[in-house]
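# Take a look and give me a structure for this.
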Amino acid sequence: MLVSPLMGPIMGLGLAINDLALLRKSFFNYLFAAGVGLATSTLYFLISPINEAHSEILARTSPNIYDVLIAFFGGLAGILATSSRQKGNVIPGVAIATALMPPLCTAGYGLATLQFPFFFGAFYLFLINTVFIALATLITTRFLKFPFKHLPEAKDELKAKRIVLGVVITTLLPSIYFGYDIVQQNNFQESANKFVENEAIFPDDYLLKKNIDLKNKSITLIYGGQFIEANAIALLKSKLPKYNLDTSALTVRQGFAYLKDSKESEQTNQLTLALTEKENQIQLLQNQLDSLNSQNKLTKQIFNELKTQYPSVQSFILQQVFNNTNKEQSLIWICNIKSNTKIDGKERKKIKEWLKVRVNSSELLIDFTEEQVSKK
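Residues are numbered from 1 along each chain as shown. Have a look, this model is predicted:
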């Protein structure tokens, strides 16, 4: 900005004094300086690993009427300082204020990253600075009565004035629209914040997040807590006209319904995965518990049936375990029966066959233990 190789050619475009030779020379210098600046910035961003648009770049992609005023009054200060003997630090200040190089660098960024809205927005800001610095120079030199050349024909001078006026109006009108849009967006932002602060309050609920979309004029509120009834949401929407938000869209999302719908938040996705994994673990533990309860119930039932047939049975253990046979893993049942009298071989075989049917498995290992009863 301090180097500002474009300020001189713009002020010397020659329109102010009708010097066509000076106009051609200044216009060539202007195009050369602008081309070098644009090419250099494009090359820089092509080889630079930094591709993210920071605030300094974004600030120069949406020019408006305020940039027109900055360029015009900066140009006035610049030409006054140039035509004065005591220039002081006005020229560096004007170079910083009008900022001719940053828009070109931002336009180069837009070309290098193929983000053409950035390119056109920044290049439009560059044209605004060019036109209104030149206009300020023209007005000042005519006001100070600098000597200027008259064109041979009066109609040529009239045509030149019309061209200048057409260029100024063509450059000015879009900036007025953009400036109006910025004012409208700012008003919407203030009204939306007041509405949320004063009206968007529900008992037993906490506002987790608010999103105010300035371009689409929409408000999204995300709450955590108790479920908000539809009539309460409708009542909230009915208060929008009170804050001049009649045409605004209000969306209320609640709790994990928002988390489920949101696909843009990495933290949300991680939380959902963690909850799913936790639910799977809980379900697995529940299945294991159900299996143990079912097995305990089966063991108790079989013991009661066995005790009815053989009163001498004192204890009964039944368990399903894994068994490795020939490098293959299989499930088998093991059983231990303890009695205080001897159970002969025929009865043991009968009990074993009965248990196979009872547990619905041919894989069964059974062990009989006899406890000698001491006689006094």
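# Tell me which helix or strand in the protein has the weakest average pLDDT.
helix 255-261 (a mean of 53; mean pLDDT, DSSP states H and E).
# so what does the helix or strand just after it touch, helix or strand wise?
Where DSSP states H and E defines the elements, the next helix or strand beyond helix 255-261 is helix 266-309. Counting contacts by 3 or more Cβ pairs under 8 Å, 6 or more residues apart in numbering; DSSP states H and E, helix 266-309 is packed against helix 255-261, strand 313-325, helix 345-359. Just so you know, the C-beta spots here come from the backbone N, C-alpha and C atoms, and that holds for glycine as well.
# next helix or strand past the helix or strand hosting Ile176?
Element membership for Ile176 (DSSP H and E) is helix 154-198. Sequence order places strand 205-213 as the next helix or strand after helix 154-198, per DSSP H and E.
# Would you mind giving the orientation angle of that following strand with respect to helix 154-198?
170 degrees (axes from the mean of the first three to the mean of the last three Cα atoms, to 10 degrees).
# Any stretches of the stretch 251-376 of the chain with poor pLDDT?
Counting by pLDDT under 70, the stretch 251-376 of the chain contains low-confidence residues at 255-269, 325-328, 371-376.
# so is Asn51 in a helix, a strand, or just coil?
coil (DSSP: H, G, I helix; E, B strand; the rest coil).
# Could you measure from it over to Val164?
40 Å (Cβ to Cβ, to the nearest Å).
# again, but for Leu298
Taking Cβ to Cβ, one finds Leu298 at 100 Å from Val164.
# Then Asp290?
88 Å.
# repeat for Asn287
Distance from Asn287 to Val164, by Cβ to Cβ: 84 Å.
# How about Gly110?
For Gly110, the distance to Val164 - Cβ to Cβ - is 29 Å.
# give me phi/psi at Ile201?
phi -120, psi 120 (degrees, to the nearest 10).
# ditto for Lys342
Dihedral angles phi and psi of Lys342 (degrees, to the nearest 10) take the values phi -80, psi 130.
# cool, and Lys215?
phi -70, psi -40.
# and it, what is it in contact with?
Lys215 sits next to Gln185 when contact means Cβ atoms under 8 Å, 6 or more residues apart in numbering.
# 10 Å instead?
By Cβ atoms under 10 Å, 6 or more residues apart in numbering, the residues touching Lys215 are 181, 185, 188.
# pLDDT score for it?
Lys215 is assigned 80 on the pLDDT scale.
# Ok, Ala39 next?
Looking at Ala39, the pLDDT reads 90.
# Quick check: chain neighbours aside, which residue is closest to it?
Gly108 (7.5 Å; Cβ to Cβ, 6 or more residues apart in numbering).
# Could you do Ser191 as well?
Tyr243 (4.6 Å).
# Now do the contacts for the one you found.
188, 190-196, 198-199.
# And the contacts of stretch 300-320?
Here stretch 300-320 has contacts from 291, 295-296, 298-299, 331-343, 347, 350-351, 354-355, 358-359, 361, 363-364, 366-371, 373, using Cβ under 10 Å, 6+ apart.
# at 8 Å instead, please
295, 298-299, 331-341, 343, 347, 351, 355, 358-359, 371.
# What of stretch 281-299?
By Cβ under 8 Å, 6+ apart, the list of residues contacting stretch 281-299 reads 316-320, 359.
# Now Ile337: which helix or strand?
Judged by DSSP H and E, Ile337 forms part of strand 328-339.
# Just checking the distance from that strand to the centre of its chain.
59 Å (Cα atoms, centre = their mean, to the nearest Å).
# tell me which residues of that strand are tucked away?
Residues of strand 328-339 classed as buried: 333, 335, 337, 339 (neighbour count, 16 or more other Cβ atoms under 10 Å).
# Okay then, goodbye and thanks.
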